[in-house]
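J.: predicted model and sequence below, questions to follow.
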Amino acid sequence: MELKFILESLLFSAPKPLSVSELRDVLNKSAADEEAPPETRDFKKVPVEVLETALSELAQEHEAAARSYRLVCVAGAWQFVTQPEFSPWLKTFVGAKNRPTRLSQPGLETLAVVAYRQPVTRAEIEQIRGVAVDGVIATLKERGLIAELGRAEVIGRPMQYGTTPAFLEYFGLASLGGLPAADELRRIPVDRPDALVTAEGVPTPEAIELPLVSPAEVAPEPSAPDAPATPSAEDEPPEPIQPILSPDPAPDDPPNPPVM
């Protein structure tokens, strides 16, 4: 029995998409079951790489068969989906479901910045877009397309944002590696604040290097003990201040008249 057919049967019967780790757990539990057939032990602890290869081969076979359905990987989980051209009959049979509200242009632009520059702060998004994004970020968080990833180790410790698995499901991507190339968006420079310094005084890896001053540069140099002190002009005592005396009266001046 081939591994890819076992995986096909599991995915065909699963009520939800299954990841590689979930498929591997099913194989291990089946091998540990004492009542299971002996051949189940042949697939115990199958390497993840072997499972991914088998799933890829199975997806290629279904695509080549040009059936009404195909096997795809969305947000890291595998599932069978019907081809888009059969949607009119499926809507009649299953019923039209309410599609999620489409994202606005500002929402798409902000989401693109987060997807390509994550983890990214609000200030960095605003530098790239040139407008405030507080309301847009709140909307994207409510819809589960982005999430808080922790605070940045810079001055102010702003919150960082990144995409979620719901983002991959919304755009039908297996992983972030499936995003189209956007090198220009990645190359846009942004000004980041200075990194923080830890309580022990050790800067974080992104901290700005501060110049170090040795004690020899701070302490004054001691004077030589044998050198005699040479008094300078500033060290000499000032001359005493001479009193200012009024001049003697001239002999031709008449004496002051007596006061009556």
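T.: That came in fine, so what should we check first? Just so we're clear, the structure is a prediction, and the values are computed from it rather than from any experiment.
J.: shouldn't residue 148 be within a strand?
T.: Yes. Applying DSSP: H, G, I helix; E, B strand; the rest coil, one finds residue 148 inside a strand.
J.: helix, strand, or coil at residue 49?
T.: Under the three-state scheme (three-state DSSP), residue 49 adopts helix.
J.: end to end on stretch 145-165, go ahead and measure it.
T.: 8 Å (CA to CA, to the nearest Å).
J.: residues of that stretch that come out buried?
T.: Of all the residues in stretch 145-165, those buried under the rule 16 or more other CB atoms under 10 Å are 145-147, 152, 154, 158, 160-165. From N, CA and C alone the C-beta is placed, and that goes for glycine too.
J.: and the average pLDDT for that stretch is what?
T.: Across stretch 145-165, pLDDT averages out at 92.
J.: where are the low-confidence patches of the stretch 101-250 of the chain?
T.: Residue ranges of the stretch 101-250 of the chain with pLDDT under 70: 182-250.
J.: and the strands in it, which stretches?
T.: Using DSSP state E, counting those that start in this stretch, the strands of the stretch 101-250 of the chain run over 120-121, 146-151, 159-163.
J.: make TSV from those strands and add distance to residue 179 to it.
T.: Formatted as TSV, the strands of the stretch 101-250 of the chain follow (distance: least, CB to CB, whole Å):
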stretch	distance to residue 179
strand 120-121	15
strand 146-151	14
strand 159-163	10
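J.: contacting residues around stretch 175-182?
T.: Identification of contacts with stretch 175-182 by CB atoms under 8 Å, 6 or more residues apart in numbering yields 75-76, 112, 115-116, 163, 168, 173.
J.: and stretch 5-14, by the same measure?
T.: 18, 23, 26-27, 43, 51, 54-55, 58, 71, 78-80.
J.: and the least confident of these?
T.: The minimum pLDDT among the contacts of stretch 5-14 falls on residue 43, with 89.
J.: isn't it right next to residue 31, touching?
T.: Yes. Between residue 43 and residue 31 there is a contact at 6.4 Å, judged by CB atoms under 8 Å.
J.: format the buried residues of stretch 145-165 as TSV; extra columns: distance to residue 65.
T.: Shown next, in TSV, are the buried residues of stretch 145-165 (distance: CB to CB, whole Å):
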residue	distance to residue 65
145	34
146	38
147	38
152	49
154	53
158	51
160	44
161	41
162	38
163	33
164	33
165	29
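J.: farthest pair within these?
T.: 154 and 165 (27.5 Å; CB to CB).
J.: just the contacts of stretch 5-14: which are in strands?
T.: Among these, DSSP state E puts 18, 71, 78-80 in strands.
J.: returning to what we had before: most widely separated two among the contacts of stretch 175-182?
T.: 76 and 112 (20.8 Å).
J.: picking that back up, can I get the ones in strands among the contacts of stretch 5-14 in TSV including distance to residue 64 and neighbour count?
T.: Converted to TSV, the ones in strands among the contacts of stretch 5-14 look like this (distance: CB to CB, whole Å; neighbours: other CB atoms under 10 Å):
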residue	distance to residue 64	neighbour count
18	22	19
71	12	20
78	17	25
79	19	16
80	15	16
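J.: closest to residue 87 among those residues?
T.: Minimum distance to residue 87 across these is 15.3 Å, recorded for residue 80 (CB to CB).
J.: and the closest one, how far is that from residue 145?
T.: For residue 80, the distance to residue 145 (CB to CB, to the nearest Å) stands at 25 Å.
J.: and if you look at residue 82?
T.: Distance from residue 82 to residue 145, counting by CB to CB: 25 Å.
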